[in-house]
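*Asks:* Let me see the structure of the following:
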Amino acid sequence: MKLLFVFLFLLSITHAQAKEWTSEEKLWGATTGVLLLGDWATTRNMTHRYNEGYYERNPLLGKNPTANTVNLYFLTVTPLVFLAADYFGDYRKEILQSISALELIAVGNNLRIGLHFQF
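*Replies:* Got it, this is the predicted structure:
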């Protein structure tokens with residue numbers, strides 16, 4: 001149920017900000033949203049596994065953030081990404097591509113070190 005809520009939340013953000021976006025920008029927006037969701041899920045998984053030696057590398061979250069801190073971070077950052085992309089419309093595609101690249105690295109690393117998608 002939580003995953004459904006998160007998916008609908010991200011979908012509504014993408015849809016709400018999608019006015020005047022090109023098809024390519026919408027695709028990059030969806031890609032960014034999915035990757036942010038993947039980072040969120042794997043980071044939440046980590047919050048239950050600090051005793052296994054995992055730690056967070058994002059300085060905004062700190063080394064051992066709680067699940068609530070991770071939730072607050074992603075519930076804040078996700079809309080900000082889309083608002084920034086919408087506001088800086090001339091650079092929308094580049095913003096979304098940059099965030100997608102960073103998130104792909106984060107999610108890939110999280111999966112590589114053994115974290116799982118878990119809410």
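
*Asks:* Other residues contacting the helix or strand harbouring residue 99?
*Replies:* Counting by DSSP states H and E, the element that carries residue 99 is helix 92-112. By Cβ atoms under 8 Å, 6 or more residues apart in numbering, the list of residues contacting helix 92-112 from outside reads 21-22, 24-25, 28-29, 31-32, 35-36, 38-39, 42-43, 45-46, 81, 84-86, 88. In this view, the C-beta of every residue, glycine as well, is placed from N, C-alpha and C.

*Asks:* again, but for stretch 66-78
*Replies:* 9-10, 13, 33, 36, 39-40, 43-44, 47-48, 58, 60-62, 65.

*Asks:* Looking at the residues you listed, point me to the pair that's furthest apart.
*Replies:* Every pair in the contacts of stretch 66-78 was compared (Cβ to Cβ); the two farthest apart turn out to be 13 and 48, at 26.5 Å.

*Asks:* The two: which has the busier surroundings?
*Replies:* With other Cβ atoms under 10 Å as the criterion, residue 13 and residue 48 differ in neighbour count, and residue 13 comes out ahead with 19 against 11.

*Asks:* For this structure, list the residue farthest from the centre, please.
*Replies:* Ranking residues of the chain by C-alpha distance from their mean position (Cα atoms, centre = their mean) puts residue 51 at the top, at 24.4 Å.
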